[in-house]
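Novice: What shape does this take:
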Amino acid sequence: EPWKDRGGLNPRRKQWRFGFDSVFSPEDDQLAVWEAAEPLVQSSIDGSNVCFFAYGQTGSGKTHTMLGSDECKGLVFRS
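Specialist: Predicted coordinates for the structure are as follows:
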């Protein structure tokens, strides 16, 4: 079916750019994540705004990265 303008929402006019300090692969361990995050934790203690953004599909390890396990602590417990 050919495209037909059916009205509705206006096309977005804003373009957003995002920057990331680090991107991790599945092979990276909790220590590698912590070594990248530690300076940001200190910055937050010093008063700066900081965000740790864990993104991925279900079961990809976001909660494990933040909480970890008894043997290998995550970001929350290391902070």
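Novice: doesn't Val50 make contact with Ser43?
Specialist: Yes. Counting by C-beta atoms under 8 Å, Ser43 touches Val50, with 5.7 Å between them. Any C-beta I mention is one placed from the backbone N, CA and C, and that applies to glycine too.
Novice: what distance separates stretch 40-51 from the centre of its chain?
Specialist: 15 Å (C-alpha atoms, centre = their mean, to the nearest Å).
Novice: Can you get me the start-to-end distance on that stretch?
Specialist: Taking C-alpha to C-alpha, to the nearest Å, stretch 40-51 runs 9 Å from one end to the other.
Novice: do stretch 68-79 as well
Specialist: First-to-last residue span, stretch 68-79, C-alpha to C-alpha: 12 Å.
Novice: same check, this time on stretch 42-58
Specialist: 30 Å.
Novice: Show me which residues of it are buried.
Specialist: When neighbours are counted by 16 or more other C-beta atoms under 10 Å, no buried residue of stretch 42-58 is found.
Novice: Same question for stretch 58-67.
Specialist: Thr65.
Novice: measure that stretch end to end?
Specialist: Start-to-end, stretch 58-67 (C-alpha to C-alpha) is 16 Å.
Novice: Give me the contacts around that stretch.
Specialist: Pro26, Gln30, Val33, Phe52, Ala54, Tyr55, Gly56, Gly74, Leu75, Val76, Phe77 (C-beta atoms under 8 Å, 6 or more residues apart in numbering).
Novice: shouldn't the last one be in contact with Glu71?
Specialist: Meaning Phe77. No. Look at Phe77 against Glu71 with C-beta under 8 Å: they stay out of range, at 11.8 Å.
Novice: For the two, indicate the residue with more neighbours.
Specialist: Per other C-beta atoms under 10 Å, whichever of Phe77 and Glu71 has more neighbours is Phe77, with 13 against 6.
Novice: Can you give me every residue that contacts the more buried one?
Specialist: Leu67, Gly68.
Novice: Quick check: it is in a helix.
Specialist: Yes. Per DSSP: H, G, I helix; E, B strand; the rest coil, Phe77 lies within a helix segment.
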